[in-house]
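Q: requesting a structural model of the entry that follows:
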Amino acid sequence: MICKIVQGGGFGGAIDYVMSKDGAELLDAKDVRSNDPKLVAKDFEMISNQNKRVKKPVVHFSVSFHKDDAVKITNDKMKAIANKLIDGMGFSNAQYIVVKHTDAAHPHFHIVTSKVDLDINTISDKHNFLKLNKLRVEIEKEYPELTSAGGKNMESTNTKNLKGKDAVKYKIYIAIKIEIQKSINIEALLKNLEQTHGIKSELKFRRGSIDVIEGVKFHKDNTWISGSKIDKSCSYLNLLKQLNENKLNNKSPNVNTTKPSTKPLTNPNKNILANMLSKIPHQHTENTNGVKKRNKTNEEELER
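A: Now for the predicted structure:
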């Protein structure tokens, strides 16, 4: 998902661009007459003109998704994401429209809103770009099925061109996709990956805790790779989410349908995990005092 924001001085041009394109579809609107671009622009101007301090009241967001996400991103999902952006950026008390465009291979929508809210107060634009990026990351975590900004879509990877670490990433990704459908919990998944595919794993515990897990990384072909570096769907929390969905859909054998939490686990199977972790070999080097140290040169930092 890619999010952009621009500001301007006139509503007429922005509204006309957003609403008048062929195939444009209005998804949502607040406190404007939404059937005619000219009337919508006048409604925005009627409010913004009452605050003379704001010289550029127009705020225009564009939100684009990967072309492979076209079958995953519904109108309802677009509207929900738009509302999260509007609320998170501080425009919930302002006029706005949300319009879907269909003029490109990749799905996308636009939000036009105002820096002058319905009480004629000025909405701050301080740190807008940082806030927008933070919201994008939060939304991508909530919708792991969508391709992240700048991320590779592993499902459409050309495997013939993969070499080195990229080839290892893909091997692990495919193995996870196979075994996650057969596993009843995270412990079973990691065990199946090792026994069937020769993929070892290591869990990251929260600092100061012996049972709250925050991350996972995988080892194959002499390479350690963090789950989130393989694919967003392979991060620890997203693996938990997929396993939980399997339980709810009764896809996994011999599991109950009680909905579990996707928050970092307080793991009841400490002995099982401890046994698994003890079997994972670690590379070491000797320091000058003869004390063994962990060699991190080929490891990547775990996601938090």
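Q: what ranges does the stretch 1-150 of the chain have for its strands?
A: With DSSP state E, counting those that start in this stretch, the ranges of strands along the stretch 1-150 of the chain come out as 2-8, 25-30, 58-64, 96-101, 108-114.
Q: K171 is in contact with H219, isn't it?
A: No - using Cβ atoms under 8 Å, K171 is not in contact with H219; the gap is 11.5 Å. Just so you know, the C-beta spots here come from the backbone N, C-alpha and C atoms, and that holds for glycine as well.
Q: mutual contacts of these two, please.
A: Common contact partners of K171 and H219 (Cβ atoms under 8 Å, 6 or more residues apart in numbering): I199.
Q: just the endpoints, please. Distance across stretch 102-115?
A: End-to-end distance of stretch 102-115 (Cα to Cα, to the nearest Å): 27 Å.
Q: pLDDT weak spots in the stretch 101-250 of the chain?
A: For the stretch 101-250 of the chain, the stretches with pLDDT under 70 are 149-161, 249-250.
Q: where along it do the helices fall?
A: Here the stretch 101-250 of the chain has its helices, by DSSP state H, counting those that start in this stretch, at 128-142, 164-179, 186-197, 227-230, 236-248.
Q: any chance of these in CSV, plus distance to V59 and mean neighbour count?
A: Converted to CSV, those look like this (distance: least, Cβ to Cβ, whole Å; neighbours: other Cβ atoms under 10 Å):
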stretch, distance to V59, mean neighbour count
helix 128-142, 8, 14
helix 164-179, 38, 18
helix 186-197, 42, 18
helix 227-230, 32, 22
helix 236-248, 32, 19
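Q: take those helices and lay them out in a markdown table including distance to P107.
A: Formatted as a markdown table, the helices of the stretch 101-250 of the chain follow (distance: least, Cβ to Cβ, whole Å):
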| stretch | distance to P107 |
| --- | --- |
| helix 128-142 | 15 |
| helix 164-179 | 24 |
| helix 186-197 | 32 |
| helix 227-230 | 24 |
| helix 236-248 | 22 |
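Q: just the buried residues of stretch 119-126, please?
A: Buried residues in stretch 119-126, counted by 16 or more other Cβ atoms under 10 Å: I123, D125.
Q: relative to the whole chain's centre, how far out is it?
A: Stretch 119-126 has its C-alpha centroid displaced from the chain centroid by 28 Å (Cα atoms, centre = their mean, to the nearest Å).
Q: quick check: which of the helices of the stretch 101-250 of the chain is nearest to K84?
A: helix 128-142 (5.9 Å; Cβ to Cβ).
Q: what about stretch 1-16, distance to the chain center?
A: Distance of stretch 1-16 from the chain centroid (Cα atoms, centre = their mean) equals 24 Å.
Q: who touches that stretch?
A: Counting by Cβ under 8 Å, 6+ apart, residues outside stretch 1-16 touching it are 37-38, 40-41, 44-45, 48, 55-66, 81, 85, 97, 112, 114-115, 125, 128-129, 132-133, 135-136, 139-140, 146-149.
Q: can we see that at 7 Å?
A: For stretch 1-16, the external contacting residues (Cβ atoms under 7 Å, 6 or more residues apart in numbering) are 37, 40-41, 44-45, 55-56, 58-65, 112, 125, 128-129, 132, 136, 139-140, 146, 148-149.
Q: just the CA trace of that stretch, in PDB.
A: Extracted as PDB, the C-alpha positions of stretch 1-16 are listed here (Å, rounded to 0.1, in the frame of the first residue of the first chain):
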ATOM      1  CA  MET A   1       0.000   0.000   0.000                       C
ATOM      2  CA  ILE A   2       1.300   3.400  -0.900                       C
ATOM      3  CA  CYS A   3      -0.100   6.600   0.600                       C
ATOM      4  CA  LYS A   4       0.600  10.200  -0.600                       C
ATOM      5  CA  ILE A   5      -0.600  13.600   0.600                       C
ATOM      6  CA  VAL A   6      -0.700  17.000  -1.100                       C
ATOM      7  CA  GLN A   7      -2.200  20.300  -0.100                       C
ATOM      8  CA  GLY A   8      -3.600  23.000  -2.300                       C
ATOM      9  CA  GLY A   9      -5.600  26.300  -2.400                       C
ATOM     10  CA  GLY A  10      -8.600  25.500  -4.500                       C
ATOM     11  CA  PHE A  11     -11.200  22.800  -4.100                       C
ATOM     12  CA  GLY A  12     -12.600  23.000  -7.600                       C
ATOM     13  CA  GLY A  13      -9.700  21.400  -9.400                       C
ATOM     14  CA  ALA A  14      -9.100  18.600  -6.800                       C
ATOM     15  CA  ILE A  15     -12.800  17.700  -6.700                       C
ATOM     16  CA  ASP A  16     -13.200  17.700 -10.400                       C
END
